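1. need coordinates for the following:
(one chain, ligands or ions: 2)
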Amino acid sequence: CLFDKHSFHDKRKRRKERTDFVKCNKEDELSLFKTKLDLHVHYEFIINSPDHEAAKIWIGNLGKTATHALVYAQLYTPDGVCHGLHPFIVQVKDPKTLLAMPGVMVGDIGKKLGQNGLDNGFVLFCDVRIPRENLLNSTGDITPEGLYVTPYKDPNKRFGASLGALSGGRVGITRMSVINLKLAISIAIRYSAARKQFGPSEEEEIPVLEYQLQQWRLIPYLAAIFALDYFSKSLFINFLEFQIGLMMKDNSDRQAEIGREIHALSCASKPLSSWTAQQAVQECREACGGHGYLTMNRIGDIRNDNDPNCTYEGDNNVILQQTSNYLLTWIMLYLFSGKSTNESPLGSLNFLGDFHTILSKVFEVTVEDECLDSSVPLLAYKWLVCYLLQESYLKIQQEKQMGKSDFEAKNNSQVYYCHTLAIAYIELTALQRFHDFTHDSSVPHGLQTVLKKLCALYGLWSLSKHIAVLYQGGYFCGKKCTELIQSSILTLCSQLKNDAVSLVDTIAPSDFILNSPIGKGDGEIYKNLWSAILQGKGALERPSWWMTFSSDKPLVGSLRGKL
Ligand SMILES: CC(C)(COP(=O)(O)OP(=O)(O)OC[C@H]1O[C@@H](n2cnc3c(N)ncnc32)[C@H](O)[C@@H]1OP(=O)(O)O)[C@@H](O)C(=O)NCCC(=O)NCCSC(=O)CCCCCCCCCCCCCCC(=O)O
Ligand SMILES: Cc1cc2nc3c(=O)[nH]c(=O)nc-3n(C[C@H](O)[C@H](O)[C@H](O)COP(=O)(O)OP(=O)(O)OC[C@H]3O[C@@H](n4cnc5c(N)ncnc54)[C@H](O)[C@@H]3O)c2cc1C
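-> Ligands and ions are numbered 1, 2, ... in the order given. From the prediction side, this is the model:
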């Protein structure tokens, strides 16, 4: 962003006092648009951005390619009433010449850290007139008489429905991140299985994947791929069912409740998946040593292309608050007000029906063999979410009792509470779905063994990041609990090590698509790398400046007299 937040907020405050100011997207600094209905001239809307700080930036494809934009803008009727954010279709360029339309200033924002195949753009509007029909009117409309009509009584609910369009992108990004995870892990595991370094004796060198440390760094991410791949596909199916409901104009409470649950799930699945991929890609880069840093091996590109998954369609840290809000609403409505329900349409909250029983549980496993099943982390996660939900609720209440406003109370309850709650909830949901799948009798026996191990490893490894809270709330007691979790993780890594390359072969794209010499399926890392290095442009040529530095090089001291 180009402007510091304080000056921006001050200006925004000032602008709010003006009747015809609008902003198009809450999350963006440069994003203030106004639409005003002009009834006197042909029932048109007039779109305006007051100044360059009101420019909307970052829009994908807008810089050079797109001819039309979907603009979210505050809708003002001639009586001066603002009806909130609404989507409008606005033609920004002439399709024949690709030149900007009158009143539209549009361009490209420049090179980014990654994803440079996409022309992210900026746009400003000056009295741009669009027909009344260009308002996408599913959540609110203007009658030919100029009256505002909406099926929503509560403006906040209308706003939520309007933002519902963002859930699809978040579900999509959850999957895109899993794909990045697959690419990076495929390269690193294939490389680690082929790369030999040191060994138990002078004569014998062993593949680096034989080292416990390398296994522990990579194999949990391999497990995460299978868990998150299954989870993200199941979430996509949930989303499709929701979309079908929308298309069929299903106005039931259940359909609305599915929308809220998808919103809560996708606002946390995007962070879980994009952050897992981000951490994994960095680990893979280092796990491939120096070759991981060579551009031709692709890990740098994967890292840069994955990175914005953490930001667009809502910054991860910001949208996680939507998930914790959902959970807190649930607890306030159904638990503390005495009403009871134990079901949510997609099942992610069903376990809350046993809230008090779950909270009374403690970790009971005593031997490693029992710990090697995903039911162990699953039970622990249920306790963890109930505990964090209770603690987050109490923390907010405590803040309010200290006289803090709702805004401050929520704000002061993010770190260690609501933020962790949202993450634990989505990890539990992902684990629950993968656990149910791997324990289903329809899964062929030959596959079930390895899938169950992957599921247990993903669960235990994810849980191990919450050990402090497990002790804090009394679920864990004594050092044996941690020892069991840790030794089980290492045992599962070691057991899965011999299957790792075969597992990667099932998820990796073709060599042509993966496009990484050290990640090729044949495992011939040195042959492939050597060949790619030699084919590099100018690899064996002298530098273009060779003459200046060798044959034409001035003699030492020869320039002294001329200075
Ligand atoms: C929601 C915000 C974070 C915060 O807003 P507020 O604080 O102002 O609002 P509230 O928290 O009070 O919310 C009001 C109310 O609304 C509910 N709500 C909000 N969002 C939704 C939703 N999505 N669904 C349902 N309900 C919703 C909320 O729960 C409240 O309800 P209650 O009052 O009952 O509690 C908001 O500021 C926000 O969302 N910010 C983020 C902005 C953002 O995401 N911008 C995106 C810009 S576009 C972008 O970044 C594009 C990048 C390119 C990405 C490329 C990826 C491609 C992916 C491929 C996808 C393929 C699949 C596609 C499928 C398809 O769509 O067809
Ligand atoms: C590659 C790319 C493509 C994009 N494409 C599009 C597009 O096509 N269309 C479009 O409209 N937008 C697009 N965007 C913009 C994107 O949606 C926003 O960047 C994103 O929603 C985050 O908003 P912001 O940049 O304003 O961040 P900010 O909201 O300014 O966040 C900055 C920092 O402040 C923190 N922060 C903000 N609010 C809070 C809070 N309440 N509590 C705690 N911390 C907070 C955030 O966590 C973050 O670390 C794109 C962005 C990128 C990087």
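2. any idea which helix or strand carries residue 376?
-> Taking DSSP states H and E as the definition, residue 376 sits inside helix 375-401.
3. how many other residues sit next to residue 330?
-> 18 (other C-beta atoms under 10 Å). Heads up, the C-betas are built off the backbone N, CA and C, glycines and all.
4. so it touches residue 350, yeah?
-> No - Residue 330 lies out of contact with residue 350 (C-beta atoms under 8 Å); the separation is 11.4 Å.
5. so what sits against both of those two?
-> residue 344 (C-beta atoms under 8 Å, 6 or more residues apart in numbering).
6. helix or strand: which one has the most centrally placed residue in the chain?
-> By C-alpha atoms, centre = their mean, the chain has its centre lying nearest to residue 270, at 2.9 Å. In this assignment (DSSP H and E), residue 270 forms part of helix 253-287.
7. what helices or strands is that helix leaning on?
-> helix 165-194, helix 212-247, helix 299-306, helix 316-330, helix 419-438 (3 or more C-beta pairs under 8 Å, 6 or more residues apart in numbering; DSSP states H and E).
8. what comes up buried for the shortest one?
-> Put plainly, it is helix 299-306. Within helix 299-306, the residues scored as buried using 16 or more other C-beta atoms under 10 Å are 299-303, 305-306.
9. just the buried positions in the following helix or strand past the helix holding residue 376, please.
-> As assigned by DSSP H and E, the chain's next helix or strand after helix 375-401 is helix 406-411. For helix 406-411, a neighbour-count test (16+ other C-beta under 10 Å) marks 409-410 as buried.
10. for residue 304, give me its contacts.
-> 113-115.
11. check whether the helix holding residue 270 comes near ligand 1.
-> Yes - with C-beta under 6 Å from any ligand atom as the criterion, ligand 1 is reached by helix 253-287 at 259-260, 263.
12. what is the nearest of these to residue 401?
-> Checking the residues of helix 253-287 next to ligand 1 against residue 401 by C-beta to C-beta gives residue 260 as the nearest, at 28.3 Å.
13. which residues of the protein lie near ligand 1?
-> So the chain meets ligand 1 at 25-27, 60, 156, 159-160, 163-164, 166-169, 172-173, 259-260, 263, 312-314, 318-319, 322, 325 (C-beta under 6 Å from any ligand atom).
14. now the buried members of those residues.
-> 25, 159-160, 163-164, 166-168, 172-173, 259-260, 263, 312-314, 319, 322, 325.
15. related to what we said a few turns ago, mean pLDDT for the helices and strands packed on helix 253-287 - can I get that in CSV?
-> Below are these laid out as CSV (pLDDT from 0 to 100):
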stretch, mean pLDDT
helix 165-194, 97
helix 212-247, 97
helix 299-306, 98
helix 316-330, 96
helix 419-438, 98
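16. go through those helices and name the closest to ligand 2.
-> With respect to ligand 2, and counting by C-beta to the nearest ligand atom, the nearest of the helices and strands packed on helix 253-287 is helix 316-330 at 3.8 Å.
17. pipe the helices and strands packed on helix 253-287 into JSON lines and attach distance to ligand 2 per row.
-> Converted to JSON lines, the helices and strands packed on helix 253-287 look like this (distance: least, C-beta to the nearest ligand atom, whole Å):
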{"stretch": "helix 165-194", "distance to ligand 2": "9"}
{"stretch": "helix 212-247", "distance to ligand 2": "19"}
{"stretch": "helix 299-306", "distance to ligand 2": "9"}
{"stretch": "helix 316-330", "distance to ligand 2": "4"}
{"stretch": "helix 419-438", "distance to ligand 2": "9"}
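18. can you redo those as JSON lines with distance to residue 144?
-> Below are the helices and strands packed on helix 253-287 laid out as JSON lines (distance: least, C-beta to C-beta, whole Å):
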{"stretch": "helix 165-194", "distance to residue 144": "26"}
{"stretch": "helix 212-247", "distance to residue 144": "26"}
{"stretch": "helix 299-306", "distance to residue 144": "47"}
{"stretch": "helix 316-330", "distance to residue 144": "37"}
{"stretch": "helix 419-438", "distance to residue 144": "45"}
